[in-house]
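Undergrad: Starting from these lines, generate the structure:
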Amino acid sequence: MESNVIIWGIIAVLVLLSIWLTHDLKVENPGKKQLMLEAGIEWLENFFKDLLGEQGSRYTPYMMTVIIFIAVSNLSGLLGFKPPTKDMNVTAALAIMSIVLIEYAGIHAQGTLGWVKSFTRPMALVTPINIMEIAIRPVSLCMRLFGNMVGGFVVMELIKGICPVLLPFPFTLYFDIFDGLIQAYVFCLLTSLFISEQIEA
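TA: As a prediction, the model looks like this:
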């Protein structure tokens, strides 16, 4: 329940922030806010374009949304909230959404028959293993994100218990900021690579 409330709060903040950032955009003489927004969007578009290629460009907006949501969720701990990604239900839902998109990409690129045949590559003998990957991939995505976020939380609590005043600060920079951003990056990187594999299969 707590995760649901925080998630809706994050969504509301992101929607309001999007409205504020995209308000009064200009073609000529854009302001600093617009230039920063355009630079950030362009960086994300190029990042996912390099991973997904031209054929996978249709999935770029979704991946951009996911990486922003996970990054903000992971960083919400800095404001005293429990990051939703410390809830396995949330990471499982994100992983399931990813595997559905991955398999959809395969069906869209190869056709239903081609997608079914792809499970027999490189040889029919590995078909059971290829089928198992449909279950293994979301479990891997889910547990990697959940495990790293919970692990960082446990380490921070131990550090705060030992020295609650000065010592936690540099570790907060790592576990709450750097590691949180890295986990968002890794989750979307792996999802994009899996999508790319399906498209190119």
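
Undergrad: tell me what the strand or helix carrying residue 98 is packed against?
TA: Using DSSP states H and E, residue 98 falls within helix 88-117. With contacts defined as 3 or more CB pairs under 8 Å, 6 or more residues apart in numbering; DSSP states H and E, helix 88-117 has these neighbours: helix 2-22, helix 60-75, helix 127-162, helix 179-200. (C-beta placed from N, C-alpha, C; glycine too.)

Undergrad: Same list, these, but as JSON lines with distance to residue 29 please.
TA: Shown next, in JSON lines, are the helices and strands packed on helix 88-117 (distance: least, CB to CB, whole Å):
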{"stretch": "helix 2-22", "distance to residue 29": "17"}
{"stretch": "helix 60-75", "distance to residue 29": "26"}
{"stretch": "helix 127-162", "distance to residue 29": "42"}
{"stretch": "helix 179-200", "distance to residue 29": "32"}
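
Undergrad: Residue 104: which of those helices is closest?
TA: Smallest distance to residue 104 across the helices and strands packed on helix 88-117 (CB to CB): 8.6 Å, for helix 179-200.

Undergrad: before we move on, the earlier item: how about the helix holding residue 98, which residues are buried there?
TA: 88, 90-92, 94-95, 98-99, 101-103, 105-106, 108-110, 115 (16 or more other CB atoms under 10 Å).

Undergrad: Equivalent analysis for stretch 31-48, please.
TA: 34, 37, 44, 47-48.

Undergrad: what comes into contact with that stretch?
TA: Contacts of stretch 31-48 with the rest of the structure, by CB atoms under 8 Å, 6 or more residues apart in numbering, involve 21-22, 25-26, 30, 56, 59-60, 63-64, 67, 188, 192.
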